[in-house]
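Colleague: just need the structure, nothing else, for what follows:
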Amino acid sequence: MKTSSRRKFLGTAAALCAGSAAAAMPLPAGNHKFPIVHHVFFWLKNPGSTADRDKLVEGIKTLSRIPAVGQLHVGVVANTEKREVVDASWAVSELIFFRDLASQAAYQTHPIHLDFVKNYSSLWEKVVVYDAQEV
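Modeller: Numbering: from 1, shown residues only. Okay, the predicted model is just below:
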């Protein structure tokens, strides 16, 4: 490879790496599109039932159809290292991001959310909710 071609290649590769690294960096506080976080943890009545877990996951995913929901993430307990500070006693989590407090309030009374509670609450024994606002 000629020296000028090699320099161009290395320069282009460096620029691409720098651009990728910048794109992967988190946004500074205050720039987030959805500053209200609604995190819900569910404990199943039948903790060993994969069918019940999967049914609850399916139900939670219907909540994404509510217009007020900015983003929805559904999760199950990750197989990470066991540490004293890690609570892995729950089965399914729902993490919803809202644009503002009014959107979160609209979500609470939306028919899809009310149907979710009506149709899936028989699956859970306990629910814990953490609502947070970005500072």
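
Colleague: would you map the helices across this structure?
Modeller: 3-24, 50-61, 101-109, 111-120 (DSSP state H).

Colleague: for stretch 91-99, which positions count as buried?
Modeller: 91, 92, 93, 94, 95, 96, 97, 98 (16 or more other CB atoms under 10 Å). For glycine as for every other residue, the C-beta is placed from the backbone atoms N, C-alpha and C.

Colleague: mind putting these into TSV with distance to residue 134?
Modeller: Shown next, in TSV, are these (distance: CB to CB, whole Å):
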residue	distance to residue 134
91	27
92	24
93	19
94	18
95	14
96	14
97	10
98	11
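
Colleague: ok, so of those, who is nearest residue 120?
Modeller: Residue 120 lies nearest to residue 92 out of those, by CB to CB, at 10.1 Å.

Colleague: was I right about the closest one contacting residue 58?
Modeller: No: judged on CB atoms under 8 Å, residue 92 makes no contact with residue 58 at a distance of 10.4 Å.

Colleague: mind pulling the model confidence for residue 103?
Modeller: Note for residue 103: predicted pLDDT of 96.

Colleague: identify the residues contacting the closest residue to it other than its chain neighbours.
Modeller: Nearest non-adjacent residue to residue 103, counting by CB to CB, 6 or more residues apart in numbering: residue 68, 4.0 Å away. Residues near residue 68 by CB atoms under 8 Å, 6 or more residues apart in numbering: 98, 99, 103, 104, 106, 107, 110.
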